[in-house]
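Q: got a sequence here, can you build the structure:
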Amino acid sequence: MPLNKEALIRFRIIDNCLRNKFVPFPTLADLSTACEDILGKTFSQSTIQKDIYAMRFDDGLGYNAPIEFSKLEKGYYYKDASYTIASVPLDDDDMNAIAFAAAILRQFKGVELIDNYAFAIDKIFDSVNAGAKGNNADTRSIIQVEQAPTVPGHHWLGQLLEAIKNRLVLDILYKSYISEAAKMYNLHPYFLKEYRNRWYVIGRDGAEAKVKTFGLDRIMKISDSDSVYMDDESFDAEIYFKHNIGITVGGLKPVDVVLSFNARQGLYIKSQPIHISQEIIQDTETELRVRVRVMINFEFIMLILGYGNDVEVISPKSFRETVKENMARTIKKYR
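A: Residues are numbered from 1 along each chain as shown. Alright, predicted model coming up:
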């Protein structure tokens, strides 16, 4: 998206935040976070300051926005409470970009972290709909994103994010699916990751001094800890999950896996690789053969089994046997 268009969308987000009566006097941090949540990228506070300056003084924009800073409230507001830049039109590309972003964010309604900006998101979404109706009499819905099922644990996101940012230690009461009783962990959180609509926190287990993964839906209680935060300079999320599909790592080592897909399924595999390491070995009228370097974890096994007879594991032999055994047990259930 060109910078000028992106800036125009930021102006709309700032405008909606300043008109949000439920969260008045947003700070630069609040405004940059709102822009990040909707546009999916990080913006510095200096960028937001420049945006505010442009909205106030850039004659080319024509906004002349009456934005003021309240020393008492330590945040920004419109001196004229009735002011809005909504009357300044965006083009179709801008409207579409906002519509997609707002539609995706609406899936997370009920998540405290997102609900802080729900008013702004709704106003942006409504303005897109109003703009579309003004330009076209056809008011049918033309965008539908996959609806994520409600999974417990989302309410922990805000607290965990703050702990990661501020390097705070937490005591969490956690009950895994395979344990009969809940257990208390001393967590030094490093990273949040989503997989198939479930959120996970990755961090150092203070007792065992090793990095572990905890599903937010299985956290029963979180409380502050007096422990000193222990950073792990060797932990890099990008490297940690580089050869991973899903969330399970647990000391596994990556291996080269060769897979043979039939021609029909091969078209999908070429257009959407199953892993970033995917390399095409052979591509004919009847077969697509690829190589991926991955950890053979539970999620990867389930992925391959999901392709059914559209795929054959060529190597390694041990993984081929694993898939074969899983299929044999499945067939046995239907006899």
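Q: all strands of the stretch 1-150 of the chain, in order?
A: Here the stretch 1-150 of the chain has its strands, by DSSP state E, counting those that start in this stretch, at 67-70, 75-78.
Q: list the contacts of residue 242.
A: residue 254 (CB atoms under 8 Å, 6 or more residues apart in numbering). Bear in mind the C-beta positions are built from the backbone N, C-alpha and C, glycine included.
Q: quick one: secondary structure of it?
A: Under DSSP: H, G, I helix; E, B strand; the rest coil, residue 242 falls in the coil class.
Q: mind giving me a markdown table with the strands of the stretch 1-150 of the chain and columns for mean neighbour count?
A: Formatted as a markdown table, the strands of the stretch 1-150 of the chain follow (neighbours: other CB atoms under 10 Å):
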| stretch | mean neighbour count |
| --- | --- |
| strand 67-70 | 14 |
| strand 75-78 | 18 |
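Q: pretty sure residue 204 sits against residue 185.
A: No: counting by CB atoms under 8 Å, residue 204 stays clear of residue 185, with 10.0 Å between them.
Q: now do the phi/psi pair for the residue nearest to residue 206 when sequence neighbours are not counted.
A: The shortest distance from residue 206 to any non-neighbouring residue, by CB to CB, 6 or more residues apart in numbering, is to residue 186 (3.3 Å). Note on residue 186: backbone dihedrals following degrees, to the nearest 10 are phi -100, psi 100.
Q: one more: residue 286?
A: Per degrees, to the nearest 10, the backbone of residue 286 is at phi -120, psi -10.
Q: so who does it touch?
A: Counting by CB under 8 Å, 6+ apart, residue 286 makes contact with 262, 263.
Q: anything in contact with each of residue 204 and residue 185?
A: Taking CB under 8 Å, 6+ apart as the contact rule, residue 204 and residue 185 both touch residue 212.
Q: re earlier: tell me which of the strands of the stretch 1-150 of the chain sits nearest to residue 22.
A: The closest of those to residue 22 is strand 75-78. By CB to CB, the value is 13.5 Å.
Q: and that closest one, what does it pack against?
A: helix 3-18, helix 28-39, strand 67-70 (3 or more CB pairs under 8 Å, 6 or more residues apart in numbering; DSSP states H and E).
Q: thank you kindly, that will do.
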